[in-house]
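Colleague: okay, here's the prediction I keep looking at, along with the sequence it came from:
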Amino acid sequence: MDFITRAKPWFLPGESALQEGAPKKPTNFKGGSTASVALISTPTATPFWDPQTSATLVTAHIGDTRILLSSTSTGLALPLTTNHHPSSPTESRRLRRYATAFVSDSFGEERFGTLANTRSFGDVSQKRLGVSAEPEVYRRELEPSEYSFIVLMSDGISGVLTDQEVVDIVKECRTPDEGAKELVEFAEEVTTEADNTTAVVVRLGGWDQRAEGGEGFMGTKDLRAWRRDEALAGSRGRRM
């Protein structure tokens, strides 16, 4: 499993200027966090990435981190999670039992209270409004070489790139490690949002055939080239 992350600093401005040894006031953490977890098991001791073995994949998900599979035969991205946002019909029905008021922020994104996510760890003050830490859990049987790889990512990537762009970027790379690194770098390159960009790419049985199904990595190549050009043009404009 390969892990690449570039996260925002968690400390407040000026916090690093505290004198060494100076006493710190205890504070209760009031924030929250999202999470996606993938567990893979095989019926024998054969590794799950072996092209000849089947496997069972169990995913658990809270919030708006994301998990994708890449189909070996079609080359398409298969999402295994849905964002726990107020705009989700399932989450909207659940929250209305708490008489929660929904609002839209300046970007047109629905929120309730001060949050965009309806499920998270922490966010204790919002639990009375319906914020839940109960994950959605799914199980999927993977046939030998049915899928090429699995990607887990934070919303700093999934909020910028489409599912198909994500898997197509990985298809172009030689290793899962390179794929995770390229996802982080590309997402940071084409957006001005300073959000957490984290990616994990896991090789599955169809890894060696990852670019053979459908249009391979070419399906979104023009779109990704256009994104780079637009980002470059924007950065030039900001410097002028």
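Modeller: Arrived safely.
Colleague: mind giving me the packing neighbours of the lengthiest helix in the chain?
Modeller: Looking across the chain with DSSP state H, the single longest helix is helix 221-239. Applying 3 or more Cβ pairs under 8 Å, 6 or more residues apart in numbering; DSSP states H and E, one finds that helix 221-239 contacts helix 163-171, helix 176-189. (Glycine included, C-beta is placed from N, CA and C.)
Colleague: what helix or strand does V201 sit in?
Modeller: In this assignment (DSSP states H and E), V201 forms part of strand 197-203.
Colleague: tell me the angle of that strand relative to helix 163-171?
Modeller: 60 degrees (axes from the mean of the first three to the mean of the last three Cα atoms, to 10 degrees).
Colleague: and strand 197-203, average pLDDT?
Modeller: The predicted model assigns strand 197-203 a mean pLDDT of 95.
Colleague: point to the helix or strand of this structure where mean pLDDT is at its lowest.
Modeller: Least confident helix or strand of the chain, by mean pLDDT, DSSP states H and E, is strand 2-6 with a mean of 45.
Colleague: for S73, which non-adjacent residue is closest in space?
Modeller: Spatial nearest neighbour of S73, excluding adjacent residues (Cβ to Cβ, 6 or more residues apart in numbering): G213 at 4.9 Å.
Colleague: am I right that that neighbour sits in a strand?
Modeller: No - counting by DSSP: H, G, I helix; E, B strand; the rest coil, G213 is not part of a strand but coil.
Colleague: quick one, phi psi at it?
Modeller: Backbone torsions for G213, taken as degrees, to the nearest 10, come to phi -80, psi 150.
Colleague: tell me where the chain has strands.
Modeller: Counting by DSSP state E, the chain has strands at residues 2-6, 32-33, 35-41, 55-62, 66-71, 77-79, 102-104, 110-112, 121-122, 136-142, 147-153, 197-203.
Colleague: include mean neighbour count when you put those into CSV, please.
Modeller: Listed next are the strands of the chain as CSV, based on neighbours: other Cβ atoms under 10 Å:
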stretch, mean neighbour count
strand 2-6, 15
strand 32-33, 17
strand 35-41, 15
strand 55-62, 19
strand 66-71, 23
strand 77-79, 16
strand 102-104, 12
strand 110-112, 19
strand 121-122, 15
strand 136-142, 13
strand 147-153, 25
strand 197-203, 24
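Colleague: would CSV of those strands with distance to F186 be doable?
Modeller: Output for the strands of the chain, formatted as CSV (distance: least, Cβ to Cβ, whole Å):
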stretch, distance to F186
strand 2-6, 12
strand 32-33, 24
strand 35-41, 20
strand 55-62, 23
strand 66-71, 15
strand 77-79, 15
strand 102-104, 29
strand 110-112, 28
strand 121-122, 28
strand 136-142, 27
strand 147-153, 12
strand 197-203, 9
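Colleague: looking at those strands, which is nearest to L183?
Modeller: Of all the strands of the chain, it is strand 197-203 that lies closest to L183, at 4.3 Å by Cβ to Cβ.
Colleague: only alpha carbons, please: show that closest one as PDB.
Modeller: What follows is strand 197-203, C-alpha atoms only, in PDB (Å, rounded to 0.1, in the frame of the first residue of the first chain):
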ATOM      1  CA  THR A 197      -4.500  16.300  -0.600                       C
ATOM      2  CA  THR A 198      -4.000  12.700   0.400                       C
ATOM      3  CA  ALA A 199      -4.000   9.600  -1.800                       C
ATOM      4  CA  VAL A 200      -3.400   5.900  -1.300                       C
ATOM      5  CA  VAL A 201      -3.100   3.600  -4.300                       C
ATOM      6  CA  VAL A 202      -3.300  -0.200  -3.800                       C
ATOM      7  CA  ARG A 203      -2.300  -2.700  -6.500                       C
END
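Colleague: all set, thanks.
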